Structure formats: C-alpha cells, structure tokens
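Student: Pasting the sequence and the predicted model now:
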Amino acid sequence: MNRKIALKRLSSSDLTLFEHHYRNSSGAKQKAINLDAAVFVGTLFPSLPDRLDVLRDRVIITLTIYGPGGVGAHTITRKILKQQKNWRLNGELIFNPPEEPSRYDLLAKGDYAIFDFAGDPEPHTARMCLAARNIPQDTLLHTALENRYRASFSSHKGMMEISPDDLAEVLNNIDLPESHPVLDFIDFDVLEDASQGGLDGLAKLRKRRQTRGVSREELNRARQGADRIGRLGEEVLNSWLALQFQAGCGSEYQWESDINAVAPYDFTLMPEGKAKRRVDAKSTAGDFRNPVHVSMAELLEMAQGGHPYDLYRLYMVTAFSAHLRIARNLGQFAQDILAQFANLPHGITVDGTSISPDTLSFEDEIMIDLSENTDDTNESESFDNN
C-alpha cells in the first residue's frame, strides 16, 4: 500500500482545530493543524504544488480519527489548504461526537498525532491516531513516542516522517491492548491481505509479529473492514456506471451481486448491439499494488462462462471516490491458471488465488469522484454535527 506515515507533535495552536480548545483557550486560534511544508510537501507529496491549480488550492480528504485513549473511529470530511507558505489541515472545527461529549477535551500541547496518509500525487484519505499524556490509556503510547522522537522536534519542527517499520518497532516494545487502533497503522495493508487468506500478508505478519502475534479481534476487524470496503467499492462503481449511462458514454447494466451474493461476478454490462460483459469489482482502501483475491468460482466463470469477463480494480476507496483501473478479457488468463491446477491429486481442490496486479494488463487510471453528484454534500459535511 502506498502509505505515508508522519508524526505530529501538537502545538497550542494546532489544538484549536478541536472545538473545545478553540472555545476555551487564549492566544492564536487558527482552527487548523499545521502540516510542516518540509515534510508534507518536501517528503510525502512533492508533486502536490504542481497540482494546486487543478485542485483549486485545496485537497478534500476523508479523515478518520482514532483516540485519544484508544477509542474507535470518528470519520469526517476535511480539507488541506495552502495558506501563504503554510500547509494546514483545515475545514470546520472538530466537535466531540454526541456519544462521546468530552472525547478531545484532555488533549494538550505536546501530545502526538500519528498520521497515515493514502493517495498519490495528493492524499485522498488520512487516518489520525491521537495519543494524550493526560489520559491513562495513552500513557504507554505517549511515553514511547516521547522517548523515541522527542529530541527530533523543536519550535521550528513539529512534524516528521516515520516508516511503518520504525513505528512497528516502537509499538512492539510496549504492551498495548490488542484492540488498540494504532496497531492497525503498522499492519493495515498486510492485515487486509491476511484476512482474505493471502500468503504474502500472512508471511509479513509473522515477520512483524514474532512476539505479539495476531489476535482474533484484530483479524476479525480486518476481515470486516475488507468486507465493508468491498461493498463500498461496489456502491461507488454502481453510482459511476449509472452516471456514465446517463451521460451517454456507458451501457445499461445490472448489479448482479446486489441480487445474488454468491454470483461469480458483480455486474453485467449490456452494451447496445454487443455481447454482454461480466464485471468483477475488486476493491481495497489501499494501494493499486495490493494483491487481488480471486475465487475458484470467479476463475471458472472467467474461463467458461461464455461472456467476456473484466476485472475492475478499485483502490483508495472512500464513500464518494475511488481510483479505477480495468483489466479486460480475462478468459485466457483464467484458462492458463486453471490448467496449472488440473494435475492436483484426487480430492484436492483450490478455493482461490491471490494475484499481483502486475501480472495483468490494466488500462490507464480513471478517477471516480462522486462528491459533486451527492445530494446536499459539501466540503464541510461530517458526522460530528458541526
């Protein structure tokens, strides 16, 4: 997965993005978290300045916040802006969720935010895990981050890039609860793969988790997340196909898996005067290069179903967007794989395969952005009742 992880040591002015601190603090109230240009642009997204005209000087992201105190996801929509020479996570004040009316109140200067950005050449999603020294559940995490990275920060440097392996080393040396969401930051991509039976993901997990292992809760959470992203990818694709048809540049279609959950394809395209085409949507919240999982039923349909079969790879999937690349006419590809399985001993069957996207011929990327086609949607929409 094309992930970019950064550690931010929060300043007093950073905290004013949170409504409680904006209302109850003196001094600068910028309603934003500074994203140090030397790190955010200089290291993480170096081509972003060249994209500003296209992006209208702003990047809209889906932001999912975890913590402080190890609490679960709070998902909102925010924007990243360039303001003079500064880059800032901005938008609207972040309110405490109604069900957690004091969630962000104990954050303080010197607390940490771990950012996990996804996207290229600009971020489309970001996860932020907060660690507050004033919350007992965060004591181990905050102390570990402080001991490892505090010396790297100064009044002129409040953000730094860190690698997943470096973060993994820090986290593996402290006894965090297995349910702590920060653990998913180091293994997000491999957990997604392993939860679907991917050998590559399982091998990487064994290497990274030699002492800690993987709990049932973590694996189940990853499996549920993969299922959710799979459904979300289909919903995004369904909306995009409908828009294409309405615009006269797409065909009629049927969302097959919405009717029959065990169908070996997700959509049937019905272009006028041409043969039907089967479409399998393979979705990930991560990068294009994450393995694609194809079942034996899908391989058989590709090879023997009698209709052209295309794979639609949706990646960096969010509620209103996805990147899409299409690999068409996979019949021969499937036949070649099935031929390799033909000589297995009697009674041995293969249930599915993990396929590297590099082995398929994909067309150029298509960016799906449905945000302008959703009713009453704007850049400040969130689930926090701002």
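Tutor: Structure's in. What do you need? Since the model is a prediction, treat every value here as computed from it, not as a measurement. Numbers count the residues shown, from 1 in each chain.

Student: Show me how the record splits the protein into domains.
Tutor: According to automatic domain parsing, the chain comprises the domains 3-174, 227-373.

Student: same for the longest helix out of those in the chain, what does it pack against?
Tutor: As assigned by DSSP state H, the longest helix anywhere in the chain is helix 216-246. Helices and strands touching helix 216-246, by 3 or more C-beta pairs under 8 Å, 6 or more residues apart in numbering; DSSP states H and E, are helix 183-195, strand 252-255, helix 256-259, strand 267-270, strand 277-283, strand 309-315, strand 321-327, strand 366-369. (Glycine included, C-beta is placed from N, CA and C.)

Student: Turn those into JSON lines, including mean pLDDT, distance to Asp111 and mean neighbour count.
Tutor: Shown next, in JSON lines, are the helices and strands packed on helix 216-246 (pLDDT from 0 to 100; distance: least, C-beta to C-beta, whole Å; neighbours: other C-beta atoms under 10 Å):
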{"stretch": "helix 183-195", "mean pLDDT": "76", "distance to Asp111": "16", "mean neighbour count": "23"}
{"stretch": "strand 252-255", "mean pLDDT": "97", "distance to Asp111": "45", "mean neighbour count": "16"}
{"stretch": "helix 256-259", "mean pLDDT": "96", "distance to Asp111": "44", "mean neighbour count": "14"}
{"stretch": "strand 267-270", "mean pLDDT": "98", "distance to Asp111": "46", "mean neighbour count": "18"}
{"stretch": "strand 277-283", "mean pLDDT": "97", "distance to Asp111": "34", "mean neighbour count": "23"}
{"stretch": "strand 309-315", "mean pLDDT": "97", "distance to Asp111": "32", "mean neighbour count": "24"}
{"stretch": "strand 321-327", "mean pLDDT": "94", "distance to Asp111": "30", "mean neighbour count": "21"}
{"stretch": "strand 366-369", "mean pLDDT": "92", "distance to Asp111": "34", "mean neighbour count": "14"}
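
Student: where in the stretch 151-300 of the chain is pLDDT low?
Tutor: Across the stretch 151-300 of the chain, residues meeting the criterion (pLDDT under 70) sit at 187-188, 207-215, 217-218.

Student: The longest helix of the chain to strand 321-327, inter-axis angle?
Tutor: 80 degrees (axes from the mean of the first three to the mean of the last three C-alpha atoms, to 10 degrees).

Student: quick one, helix 216-246 and strand 309-315 angle?
Tutor: 120 degrees.

Student: those helices in the chain, which residues are they?
Tutor: Under DSSP H, the chain gives helices at 12-15, 19-23, 37-39, 52-55, 139-149, 164-172, 183-195, 199-208, 216-246, 256-259, 296-304, 331-341.

Student: Contacts made by the last one with the rest, please.
Tutor: The one in question is helix 331-341. 299-300, 302-303, 308-309, 350, 353, 360 (C-beta atoms under 8 Å, 6 or more residues apart in numbering).

Student: repeat for the shortest one
Tutor: By C-beta under 8 Å, 6+ apart, the residues outside helix 37-39 that reach it are 6, 85-87, 157, 159-161.

Student: Report the distance from that helix to the chain centre.
Tutor: A distance of 22 Å separates the centroid of the chain from that of helix 37-39, by C-alpha atoms, centre = their mean, to the nearest Å.

Student: mean confidence score for that helix?
Tutor: Helix 37-39 comes out with an average pLDDT of 92.

Student: for stretch 116-127, same thing?
Tutor: In this model, stretch 116-127 has an average pLDDT of 86.

Student: Renumber starting at 33 from here on
Tutor: That works, and once the first residue is 33, the last one we named lands at stretch 148-159.

Student: Over to it now: how far is its first residue from its last?
Tutor: 5 Å (C-alpha to C-alpha, to the nearest Å).

Student: Could you list the low-pLDDT ranges of the stretch 33-182 of the chain?
Tutor: Across the stretch 33-182 of the chain (using pLDDT under 70), the flagged ranges come out as 33-34.

Student: ok, which stretches of it are strands?
Tutor: For the stretch 33-182 of the chain, the strands defined by DSSP state E, counting those that start in this stretch cover 35-41, 65-67, 90-98, 106-115, 118-122, 144-150, 157-163.

Student: Just send those back as TSV, with mean neighbour count and distance to Arg263 too.
Tutor: Converted to TSV, the strands of the stretch 33-182 of the chain look like this (neighbours: other C-beta atoms under 10 Å; distance: least, C-beta to C-beta, whole Å):
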stretch	mean neighbour count	distance to Arg263
strand 35-41	21	22
strand 65-67	24	31
strand 90-98	21	16
strand 106-115	19	16
strand 118-122	20	28
strand 144-150	23	19
strand 157-163	23	17
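
Student: Just put the ones you listed in a markdown table and tack on distance to Lys308.
Tutor: Listed next are the strands of the stretch 33-182 of the chain as a markdown table, based on distance: least, C-beta to C-beta, whole Å:
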| stretch | distance to Lys308 |
| --- | --- |
| strand 35-41 | 38 |
| strand 65-67 | 48 |
| strand 90-98 | 34 |
| strand 106-115 | 37 |
| strand 118-122 | 46 |
| strand 144-150 | 35 |
| strand 157-163 | 34 |
